[in-house]
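Asker: predicted model, plus sequence, below.
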Amino acid sequence: MKNFNLSEWALKHQPLVLYMIVVMGVMGLFSYGRLGQSEDPPFTFKFMTIRTIWPGASPAEVDLQLTEKLERKLQEVPNVNFLRSYSRPGESLIFFATNDAEPASVVPGTQ
């Protein structure tokens, strides 16, 4: 008994293979057109970037007046996973993340 060779069969039945390719392509286009879309995805980003600007302030002023106060307030949020801040002349940048295991209902500002 001879083994089945798909490539040989496809070469012998080219019109049928071409028909199947066209049918699958049309079905794919039709399916893509009916694909559901969600304007607001059902998942919650648990990472936040806070950028504050104070033109003309030195890094020490930015750190003392903006960054430290914001950090203290953010540390009061339950389930803090990550908190890092940077102070530059006239700008403060804070990265904040909560635990990934927390449900979206616990994260402030989500519904």
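Answerer: Ah, there it is.

Asker: from F96, how far off is the residue most central in space within the chain?
Answerer: Nearest to the centroid of the C-alpha atoms of the chain, with distances taken as C-alpha atoms, centre = their mean, sits F45, at 7.3 Å. F45 is 11 Å from F96, where distance means C-beta to C-beta, to the nearest Å. Every C-beta, even on glycine, is put in place using the N, C-alpha and C of the backbone.

Asker: coming back round to it: give me the element the residue nearest to the centre of the chain is part of.
Answerer: F45 is part of no helix or strand when elements are defined by DSSP states H and E.

Asker: any idea how far it lies from A60?
Answerer: From F45 to A60 the distance is 32 Å (C-beta to C-beta).

Asker: nearest residue to R88 in space, please, no chain neighbours.
Answerer: Leaving aside its chain neighbours, R88 sits nearest to P59 (6.0 Å; criterion: C-beta to C-beta, 6 or more residues apart in numbering).

Asker: verify the stated contact: that neighbour with P89.
Answerer: Yes: the pair P59 / P89 is scored as a contact, 5.5 Å apart, by C-beta atoms under 8 Å.

Asker: now do the shared contacts for F45 and F96.
Answerer: Shared contacts of F45 and F96 (C-beta atoms under 8 Å, 6 or more residues apart in numbering): none.

Asker: so what touches the top helix by length along the chain?
Answerer: Taking DSSP state H as the criterion, the chain has its longest helix at helix 14-33. Contacting residues not belonging to helix 14-33 are listed as A10 [C-beta under 8 Å, 6+ apart].

Asker: list the buried residues of it.
Answerer: By neighbour count on 16 or more other C-beta atoms under 10 Å, the buried set for helix 14-33 is empty.
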